[in-house]
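Novice: Curious how this folds, go ahead:
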Amino acid sequence: MKERGYRTRNLTAKSPFFQAFMLTIYPIIRIKYLYIPVQCTPSEIKMGLKSKVHTFTKISAEKGLGDALLTARSRLLHPFAPDEPALVLSAFAKLAQTGIMLDVGAHHGTSLLPFARAGWQVYAFEPDPQNRALLEANTADLPNVHIDPRALSDHTEQGAAFFQSSQSSGASSLTSFLPSHQASASVDVTTLENFLAESGLQAEAVDFLKVDTEGYDLMVLQGWPWAAGQPRLILSEFDDFKTKPLGYDFHALAQYLAAKGYNLLISEWYPIEKYGVQHSWRRFAEYPCQLKSSRAWGNIFAVQEPALYQALVQVCKSLSTKKNIKVCKNTTFLQIL
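Specialist: Next up, the predicted model:
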């Protein structure tokens, strides 16, 4: 049968027509549903728009108009981005519990501050001198935050090379994975086992271990004294782009944690388009699972106790009502669309 007198185009991800649609018409269609939830009051809408304009202006001034537009596009296409450490705090709060947090790769303290203000004892590791200066300033009024300038791995070392990037203060690492990385300082490296012995902390007393070391997360975990006890909950970053050159990938990290008896919940983000700008979040998924993209990155929640794991899952599900986002799930999969 002959086709009607018009042609259709294949709008694949590589098609310039698809790209143009995603950059222009599609975000406009989604604004109504994703940027102005029905329960918002006019004053809340005004406040939200003012915040977005402030963010756009700040990024434009600091990084240029191109990065500001890239961030705006990311927020339009994927406006929801979970704060994974905050989800952990909420899960513990559901059980009316506080405790001890180890933050390996504390950056400026964004993740640890809510824990410290909730009464947790926090031990923060930040080897980047510039990041550590801001971390110290941000926690100056919190005597329950203890800062260590060393990097962590599976071995000890004096004066190891350390790399910083002009693209992002969050990309500092013991390994160089960006063209913009420059060796800028030497740092001492230790293990979590050594730190616990020095500090007198018991391994089984650690409630939350957050690891975000830009590539060395598996090595940090391998430096933990597993025979002495295990953290109740671990949050560890994965990113094959950084870790494959170091000899491991997402599945190796996940299977290492699963072998220790943890239940795993994956927070998967879309591939990073550019460092130093807003990234886009994709989904939660229970492990075992396959990533949606070979270039994906994200975080692994590793939880031992069934009650704590269920509390975390409930917190993630509750985002559907708080953020006006649909949730789809089955026995092995939880995704926020």
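Novice: where along the stretch 101-250 of the chain do the helices fall?
Specialist: Assignment of helices within the stretch 101-250 of the chain using DSSP state H, counting those that start in this stretch yields the ranges 113-117, 129-138, 192-199, 217-222, 240-243, 250-259.
Novice: Would you mind measuring from Ser172 to Tyr216?
Specialist: From Ser172 over to Tyr216 the distance is 11 Å, taken as CB to CB, to the nearest Å. Backbone N, C-alpha and C define where each C-beta goes, glycine included.
Novice: sorry, that was for Ser111
Specialist: From Ser111 over to Tyr216 (counting by CB to CB), the distance is 17 Å.
Novice: Could you count how many residues lie near Ile300?
Specialist: 25 (other CB atoms under 10 Å).
Novice: for it, helix, strand, or coil?
Specialist: strand (DSSP: H, G, I helix; E, B strand; the rest coil).
Novice: residues in contact with it?
Specialist: 234-238, 253-254, 257, 264-267, 287 (CB atoms under 8 Å, 6 or more residues apart in numbering).
Novice: Settle it for me: which of Ser111 and Tyr216 has more neighbours?
Specialist: Shown here are Ser111 and Tyr216; by other CB under 10 Å, Tyr216 has more neighbours (26 against 23).
Novice: Tell me how far the closest residue in space to Gln158 that isn't next to it in sequence lies from Ile234.
Specialist: Nearest residue to Gln158, sequence neighbours excluded (CB to CB, 6 or more residues apart in numbering): Asp188, at 5.6 Å. Look at Asp188 and Ile234: by CB to CB, they are 24 Å apart.
Novice: Which of these two has more residues huddled nearby?
Specialist: Set side by side, Asp188 and Ile234 show more neighbours around Ile234, with 26 against 15, by other CB under 10 Å.
Novice: how close does that one sit to Gln222?
Specialist: Distance, Ile234 to Gln222, by CB to CB: 13 Å.
Novice: shaky segments in the stretch 51-200 of the chain?
Specialist: Residue ranges of the stretch 51-200 of the chain with pLDDT under 70: 51-80.
Novice: Pipe the helices of the stretch 101-250 of the chain into TSV and attach mean neighbour count and distance to Gln182 per row.
Specialist: Shown next, in TSV, are these (neighbours: other CB atoms under 10 Å; distance: least, CB to CB, whole Å):
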stretch	mean neighbour count	distance to Gln182
helix 113-117	19	29
helix 129-138	16	13
helix 192-199	17	28
helix 217-222	22	22
helix 240-243	20	17
helix 250-259	17	27
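Novice: Save those helices as CSV, and put in distance to Ser168 too.
Specialist: Converted to CSV, these look like this (distance: least, CB to CB, whole Å):
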stretch, distance to Ser168
helix 113-117, 20
helix 129-138, 11
helix 192-199, 25
helix 217-222, 17
helix 240-243, 13
helix 250-259, 21
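Novice: quick one, which of those is nearest to Ala151?
Specialist: Set against Ala151 and scored by CB to CB, those come closest in helix 217-222, at 9.1 Å.
Novice: next one: the closest one to chain centre, how far?
Specialist: 16 Å (CA atoms, centre = their mean, to the nearest Å).
Novice: Check which helices and strands it sits against.
Specialist: strand 208-211, strand 233-239, helix 250-259 (3 or more CB pairs under 8 Å, 6 or more residues apart in numbering; DSSP states H and E).
Novice: and of the ones you listed, who's closest to Leu312?
Specialist: Among the helices and strands packed on helix 217-222, strand 233-239 comes nearest to Leu312, with 7.7 Å by CB to CB.
Novice: Now do the closest one: everything it contacts.
Specialist: Strand 233-239 has contacts (CB under 8 Å, 6+ apart) with 84-85, 88, 91-92, 207-215, 217, 221, 249-250, 253-254, 257, 262, 272, 297-304, 308, 312.
Novice: Quick one: buried ones out of those?
Specialist: Buried members of the contacts of strand 233-239, counted by 16 or more other CB atoms under 10 Å: 84-85, 88, 91-92, 207-215, 217, 221, 249-250, 253-254, 257, 262, 272, 297-303, 308, 312.
Novice: For the stretch 201-337 of the chain, give me the ranges with low pLDDT.
Specialist: The stretch 201-337 of the chain contains residues with pLDDT under 70 at 275-276, 320-337.
Novice: please redo it, this time with the cut-off set to 80
Specialist: 274-279, 319-337 (pLDDT under 80).
Novice: how about the strands of it, start to end?
Specialist: With strands called from DSSP state E, counting those that start in this stretch, the stretch 201-337 of the chain shows them at 208-211, 233-239, 263-269, 281-286, 297-303, 327-330, 333-336.
Novice: can you list those strands in CSV and add distance to Pro149?
Specialist: Shown next, in CSV, are those (distance: least, CB to CB, whole Å):
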stretch, distance to Pro149
strand 208-211, 17
strand 233-239, 21
strand 263-269, 29
strand 281-286, 31
strand 297-303, 24
strand 327-330, 42
strand 333-336, 37
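Novice: quick one on the thing from earlier: a markdown table for the helices and strands packed on helix 217-222, including distance to Pro127?
Specialist: Below are these laid out as a markdown table (distance: least, CB to CB, whole Å):
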| stretch | distance to Pro127 |
| --- | --- |
| strand 208-211 | 14 |
| strand 233-239 | 16 |
| helix 250-259 | 21 |
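Novice: Quick check: which of those is nearest to Arg117?
Specialist: For Arg117, the closest of these is strand 208-211, at 14.7 Å, according to CB to CB.
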